[in-house]
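[1] here's my sequence, what's the structure:
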Amino acid sequence: MSDTSSRSDTPETRTPAQIEADIKRRRDALAETLDEIGVRVHPKTIVGDAKAKVAAQVDHTLGRAYVSANRFVSDVKGQLVTDEGAPRLERIVPVALLAVGVVGLLTVRSRRRKG
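    Numbers count the residues shown, from 1 in each chain. You can find the predicted model right below:
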């Protein structure tokens, strides 16, 4: 390496044009950084980011709920239907009687409150 190439970058050997160009580059970089900070701290950006996070969380939660509900339905279907698709009456009849009993009790309670 020659001494002249390393000396050309020292402050003593820089020309006024080089110094001005360096100042302009730094000013432009600073302006860009300030613009970026301004966008990040703007209330609309903060609200938008918060909404996006909430939406992502809701989507995740709904996705998990859907998978759980789908698994539950499949389990119930497996209990009430054979592998061939025929209904298992020995299991369906008690469930149906229980459902009718619950609806009957709710109806009686509802009528007693009104009357």
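[2] next, residue 87: phi, psi?
    Main-chain torsions, residue 87, degrees, to the nearest 10: phi -70, psi 150.
[3] okay, now it: neighbour count?
    Neighbour count for residue 87, taken as other C-beta atoms under 10 Å: 11. All C-beta atoms are positioned from the backbone trio N, CA, C, and that covers glycine.
[4] for this protein, what's the longest helix?
    The longest helix of the chain (DSSP state H) is helix 43-80.
[5] can you name every helix or strand that that one contacts?
    Here helix 43-80 touches helix 89-114, going by 3 or more C-beta pairs under 8 Å, 6 or more residues apart in numbering; DSSP states H and E.
[6] just want the angle from the longest helix of the chain to helix 89-114.
    120 degrees (axes from the mean of the first three to the mean of the last three C-alpha atoms, to 10 degrees).
[7] pLDDT weak spots in this protein?
    Within the chain, the ranges that satisfy pLDDT under 70 run 1-11, 115.
[8] circling back: roughly how far is the longest helix of the chain from the heart of the chain?
    Relative to its chain's centre, helix 43-80 lies at 9 Å (C-alpha atoms, centre = their mean, to the nearest Å).
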